[in-house]
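Engineer: Sequence first, predicted model second:
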Amino acid sequence: MTSDETGSPTPAGPSPEEAVSAQMRRAKVQAFTDHTTVGQVQTSDDGRVSIECACGMRLTNGPTWSLDEHIRLHRAEARFLAVAAVAPDGIPRLVPWPISG
């Protein structure tokens, strides 16, 4: 973070000599940090299991997916969103960006 003229923190942009890949690596690390599981697995009365994510979302199993699959999907989506947000303009993409909705 840097500060603007008022002293308020502002996101640090890439320096001219910084490679985009460094930004993308940092985004991936930040996503990993922001989406770690916290606490203990909880089991509900109906047998479902769940655990909290550091982002505040509760990850759980369902009728056709395991808790592990939900954790893996959640982390993959977080990494995708973080890396896609800092990817250079004009890079060919599988998923249109920005995501509308």
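Structural biologist: In hand now; what should we look at? Here the structure is a predicted model, which is why all the values come from computation and not from measurement.

Engineer: any idea of the pLDDT on residue 100?
Structural biologist: Predicted confidence (pLDDT) for residue 100: 87.

Engineer: and it, that one's in a strand?
Structural biologist: No - counting by DSSP: H, G, I helix; E, B strand; the rest coil, residue 100 is not found in a strand; it is coil.

Engineer: Just give the number of residues close to it.
Structural biologist: Counted with other CB atoms under 10 Å, the neighbours of residue 100 add up to 5. C-beta here means a position set from N, CA and C on the backbone, and glycine is covered the same way.

Engineer: any idea how far residue 33 is from residue 53?
Structural biologist: Here the criterion is CB to CB, to the nearest Å. By it, residue 33 lies 11 Å from residue 53.

Engineer: Now the helix ranked longest in the chain: buried residues?
Structural biologist: For the chain, the helix that runs over the most residues, judged by DSSP state H, is helix 67-86. Neighbour-count burial for helix 67-86 flags 67, 70-71, 74-75, 78-79, 82-84, 86 (criterion: 16 or more other CB atoms under 10 Å).

Engineer: Is it correct that residue 81 is in contact with residue 30?
Structural biologist: No - at 10.8 Å, residue 81 and residue 30 do not qualify as touching, with contact defined as CB atoms under 8 Å.
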